[in-house]
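1. okay, predicted coordinates and the sequence, questions at the end:
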Protein chains: 2
Amino acid sequence: MPIMSSQKIFNEAEAGFAHCIAANSGANNTTTPLSVHVEHKEQEDQETFPGGFEGPEKKLDIRFCSKYTGKNSGPKSGLRSIGKEQWQSVLDSARCTIISSTSNQYLDSYVLSESSLFVYPRRVMIKTCGTTTLLHLIEKMTQLAKDTCGLEVEMLVFSRKNLNNPGKQIFPHCTFSDEVDYLNKIFNNAGHAYVMGPLNKDHWNCYIIDNRRSSTIRRTEQTFEVMMHDLDPQVMKQFFKRDGVSAWDTTVSSGISNLLPGSIIDDYQFDPCGYSMNGMLDKWYWTIHITPEDHCSYVSFDTNIALPSYHILLANILKVFRPGRFTAALYAEDGAPCGDPYFAFDSQLLEHAITNKTVHSFDGGIDPVRLSINNNFAVERYKDKKY
Amino acid sequence: MPIMSSQKIFNEAEAGFAHCIAANSGANNTTTPLSVHVEHKEQEDQETFPGGFEGPEKKLDIRFCSKYTGKNSGPKSGLRSIGKEQWQSVLDSARCTIISSTSNQYLDSYVLSESSLFVYPRRVMIKTCGTTTLLHLIEKMTQLAKDTCGLEVEMLVFSRKNLNNPGKQIFPHCTFSDEVDYLNKIFNNAGHAYVMGPLNKDHWNCYIIDNRRSSTIRRTEQTFEVMMHDLDPQVMKQFFKRDGVSAWDTTVSSGISNLLPGSIIDDYQFDPCGYSMNGMLDKWYWTIHITPEDHCSYVSFDTNIALPSYHILLANILKVFRPGRFTAALYAEDGAPCGDPYFAFDSQLLEHAITNKTVHSFDGGIDPVRLSINNNFAVERYKDKKY
């Protein structure tokens, strides 16, 4: 059952992400005892992409509250009551489409033509790569949340790594400054903007609105992201489409399925190359997106699983993907199980030199929120390293 | 003995810092048992400044090493062998002039028409305010260091707080991006650039070149800066020129002289308002610059004194100046007595809400360097606070 929107009116070649649009890539419904695999849908489009793909995603993580009480009340299903067609209509503004969807009792997962959408009753996490226009969907989405569920924005985090070819983006995504202005116009200058890490090397841009009030139910969220570049070509060749090899075959053989065992996994192998997966483990999401071409190789890992330490997970991720360099980003609210991100990573344990570490802590008066990024630039020194 | 350079060819009114140029402001040679005061020179120019003065300074802290060995060898006096006239010739490029100079066995101190210059045998710290063009002097200064002393740049830190009116600056100082490009051109992209703190609120821009090699003699430098805004008008009125009140009278009555007792102090009261002081305490420098006008009030404190903790000093500074909001910045090399800047300030001890804290750590392969800034924005909540 194809679920591509018929309203897709943009030009993928122009938008520069055609390698993410695949055809006839139905996957086998193979499962392991540890993970549940979701059978896959077909895709209509097939185009080749002439240049380097923009793997690094733009990401929006928005939490909502009832506009009447400031608390997380309202209908139990909240944003999950919004149907797939309505989400597609929102996603049209960002120029991407739903490929597949999965659900469990806590959340809905959507694999997109460019990355992923996860929907909780009071939270939406959406990330899109390529030249998608993620911020264009905010007004439509917040209006939908208000009209359908009586919800308003309680916290918003927009973030992205520095892009490879920012000049190829569509306004306001060419510069972080334009993105900040765009968000400030929508939200009446309610946010704070940060550039974490060196401006002229790998860094992480972040814009945060914290509208929590003293009446807000206290939450202790944390999210963990790893953004990897210069990946081992031997690893990356698994993520080029091969006859007779399903996405699930690759998910298992690459080691991805073992990163967080027991998950429901919805994976997708793009043609001619590129791979996406959404995972659900209990109430947590995780997602991986892979741009395997050697000249622009990029892999992202993202989860909100509330581990007390990400050391083992990060070490396993590095072992699976063998990046030349990576950036690990952590978002943690006060009381989050991971504790203070300043202590989250020990480069000696990772056997990687962390050459840049930035931690930012801000306190809007309710609870502090802490962000951290750790950059590893030591490509040459670690290329021979045994992972 | 006036020491103004006859080569001063720029237009102060255009440059926008005329309030820093004072006339006939000879100070008394009053001393206390705790501090040594330097008798002052006269100034030639007298102009009034029509608009808000740009108090926040641009700062260059450069350490040099011998280009032949990479070690801190060479003639003992090093950069101190460069004469006042040669320094003025360098300062011409930045559009500012030497008002006064003092020396002790470790360093030379220069009070400038806009801020300060300190010269050690292997180190120069220069900060200039207003619309000065600090970066314009780099090439001349590094050439002079090379030709006169056989020295080359080992570390360079360019930093400044966000400006009030960046549009009034002269290229490349209108944007941090231009400043970074300018520095990268001179130093072949050797530096890393950071924006610490929120882009759209008080923040601190920093550009760092670390050319230390394994043969470099290990140093454990630290510098501490406090940048204060919205100061108590009752405090600020002391820094408007008053008949019969010398700069030294103000240095004592304001409490400045007690901040680091035992120092040699070279102070200057500008006409009609504005105040600068350079202090030398043993081998350490400290300096304060005050823009007292209510609509643009700003005070900076800067020192390289190697305290294990800056809590008491910071508390005393806040007590003397009573800012509405402030930014405290710390630069610390591995092994510096202050330890890890992440733990440098406890807002509970300060009785100030630290609303934003950013710590950046980078490791170029020799020793890590850590930067931190702490921002206090809680103006309203703390205006009534007893300091």
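-> Happy to help now that I have it. Numbers count the residues shown, from 1 in each chain, chains lettered A, B, ... in the order given.
2. okay but residue A:182 is in contact with residue A:133, surely?
-> No: Residue A:182 sits out of contact with residue A:133 when judged by C-beta atoms under 8 Å, with a separation of 10.2 Å. Where C-beta positions appear, they are placed from N, C-alpha and C, glycine not excepted.
3. and whichever residue of the stretch 1-150 of chain A sits closest to chain B, how many residues sit next to it?
-> In the stretch 1-150 of chain A, the residue that lies nearest chain B is residue A:135 (16.3 Å; C-beta to the nearest C-beta). Using other C-beta atoms under 10 Å in any protein chain shown, residue A:135 is surrounded by 22 other residues.
4. leaving out the residues flanking it, which one is nearest to it?
-> In space, residue A:135 comes closest to residue A:182 once its chain neighbours are excluded; the distance is 5.5 Å by C-beta to C-beta, 6 or more residues apart in numbering or on different chains.
5. who in the stretch 251-387 of chain A is up against chain B?
-> Within the stretch 251-387 of chain A, the residues that sit near chain B (C-beta under 8 Å from any C-beta of the partner chain) are A:342, A:353-364.
6. farthest pair in these?
-> Within those, A:353 and A:364 form the most distant pair, 34.3 Å apart (C-beta to C-beta).
7. buried members of the residues of the stretch 251-387 of chain A next to chain B into PyMOL, please.
-> Those of those that count as buried under 16 or more other C-beta atoms under 10 Å in any protein chain shown are selected in PyMOL with:
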select buried, chain A and resi 342+354+355+356+357+358+359+360+361+362+363+364
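8. the residues of the stretch 251-387 of chain A next to chain B in strands, which ones?
-> Secondary structure from DSSP state E places A:356, A:357, A:358, A:359, A:360, A:361, A:362, A:363 of these in strands.
9. hmm, which of those is lowest in pLDDT?
-> Within the set of those, pLDDT is lowest for residue A:363 (76).
10. the helix or strand containing residue A:223 pairs with which strands?
-> Taking DSSP states H and E as the definition, residue A:223 sits inside strand A:222-231. Using DSSP bridges, strand A:222-231 pairs in its sheet with strand A:298-303 (antiparallel), strand A:323-333 (antiparallel).
11. and the next element down the chain from it?
-> helix A:233-236.
12. in terms of secondary structure, what does the helix or strand following that next one contact?
-> Counting by DSSP H and E, the next helix or strand C-terminal to helix A:233-236 is helix A:247-253. Applying 3 or more C-beta pairs under 8 Å, 6 or more residues apart in numbering or on different chains; DSSP states H and E, one finds that helix A:247-253 makes contact with strand A:264-269, strand A:275-281.
13. of the ones you listed, which is nearest residue A:66?
-> Here strand A:275-281 is closest among the helices and strands packed on helix A:247-253 (C-beta to C-beta), at 25.4 Å.
14. give the partner strands of that closest one in its sheet and their orientations.
-> Its sheet considered, strand A:275-281 pairs with strand A:264-269 (antiparallel), strand A:284-291 (antiparallel) by DSSP bridges.
15. would you turn those into TSV with mean neighbour count?
-> Putting the strands paired with strand A:275-281 into TSV (neighbours: other C-beta atoms under 10 Å in any protein chain shown) gives the following:
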stretch	mean neighbour count
strand A:264-269	26
strand A:284-291	25
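16. the most centrally placed residue in chain A and residue A:54, how far apart?
-> Chain A has residue A:127 as the residue nearest its centroid, 4.5 Å off, counting by C-alpha atoms, centre = their mean. Noted for residue A:127: a distance of 13 Å to residue A:54, by C-beta to C-beta, to the nearest Å.
17. for residue A:306, same thing?
-> On the measure of C-beta to C-beta, residue A:306 and residue A:54 end up 30 Å apart.
18. would you map the helices across the stretch 51-200 of chain A?
-> All helices of the stretch 51-200 of chain A, identified by DSSP state H, counting those that start in this stretch, fall at A:84-92, A:138-149, A:176-186.
19. including mean pLDDT, could those helices go into JSON lines?
-> As requested, the helices of the stretch 51-200 of chain A are exported to JSON lines (pLDDT from 0 to 100):
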{"stretch": "helix A:84-92", "mean pLDDT": "97"}
{"stretch": "helix A:138-149", "mean pLDDT": "96"}
{"stretch": "helix A:176-186", "mean pLDDT": "96"}
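20. turn the ones you listed into JSON lines, columns for mean neighbour count.
-> Shown next, in JSON lines, are these (neighbours: other C-beta under 10 Å):
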{"stretch": "helix A:84-92", "mean neighbour count": "19"}
{"stretch": "helix A:138-149", "mean neighbour count": "17"}
{"stretch": "helix A:176-186", "mean neighbour count": "18"}
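21. so which of those is nearest residue A:206?
-> helix A:176-186 (9.2 Å).
22. what angle do the closest one and helix A:138-149 make?
-> 40 degrees (axes from the mean of the first three to the mean of the last three C-alpha atoms, to 10 degrees).
23. count of neighbours near residue A:233?
-> 12.
24. now it. Nearest residue, chain neighbours left out?
-> With C-beta to C-beta, 6+ apart as the criterion, residue A:233 has its nearest non-adjacent residue at 5.4 Å, and that residue is residue A:294.
25. now residue A:112
-> Closest to residue A:112 by C-beta to C-beta, 6+ apart is residue A:96, at 4.9 Å.
26. swap in residue A:220?
-> Closest to residue A:220 by C-beta to C-beta, 6+ apart is residue A:335, at 4.1 Å.
27. what does residue A:167 give?
-> Residue A:167's closest residue in space is residue A:174 (C-beta to C-beta, 6+ apart), at 6.3 Å.
28. how much space between the one you found and chain B?
-> As judged by C-beta to the nearest C-beta, to the nearest Å, residue A:174 and chain B stand 14 Å apart.
29. pretty sure that residue contacts residue A:165?
-> No: checked against C-beta under 8 Å, the pair residue A:174 and residue A:165 is beyond contact range at 9.8 Å.
30. adding mean pLDDT, write the strands paired with strand A:275-281 out as a markdown table.
-> As requested, the strands paired with strand A:275-281 are exported to a markdown table (pLDDT from 0 to 100):
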| stretch | mean pLDDT |
| --- | --- |
| strand A:264-269 | 98 |
| strand A:284-291 | 98 |
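31. CSV for these, including distance to residue A:79?
-> Converted to CSV, the strands paired with strand A:275-281 look like this (distance: least, C-beta to C-beta, whole Å):
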stretch, distance to residue A:79
strand A:264-269, 19
strand A:284-291, 14
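32. and of the ones you listed, who's closest to residue B:273?
-> Comparing the strands paired with strand A:275-281 by C-beta to C-beta, strand A:284-291 comes nearest, at 58.1 Å.
33. so residue A:99 makes contact with residue A:114?
-> No: using C-beta under 8 Å as the test, residue A:99 is too far from residue A:114 to be in contact (9.7 Å).
34. re the thing from before, the strand holding residue A:223 - what's its average pLDDT?
-> 94.
35. touching that strand from outside, list them.
-> The contact list for strand A:222-231, computed with C-beta atoms under 8 Å, 6 or more residues apart in numbering or on different chains, reads A:56, A:61, A:161, A:202, A:204, A:292, A:297-307, A:310, A:313-314, A:317-318, A:321-333, A:336-338, A:379.
36. next, count neighbours for the closest residue in space to residue A:236 that isn't next to it in sequence.
-> Nearest non-adjacent residue to residue A:236, counting by C-beta to C-beta, 6+ apart: residue A:292, 3.8 Å away. When counting by other C-beta under 10 Å, one arrives at 24 neighbours for residue A:292.
37. pLDDT weak spots in the stretch 251-387 of chain A?
-> Low-confidence segments of the stretch 251-387 of chain A (pLDDT under 70): A:347-351, A:364-366, A:377-387.
38. what's near enough to touch residue A:297?
-> Counting by C-beta under 8 Å, 6+ apart, residue A:297 has contacts A:55, A:229, A:230, A:231, A:233, A:236, A:291.
39. quick one: residue A:186 from residue A:153, how far?
-> For residue A:186 relative to residue A:153 (C-beta to C-beta), the value is 10 Å.
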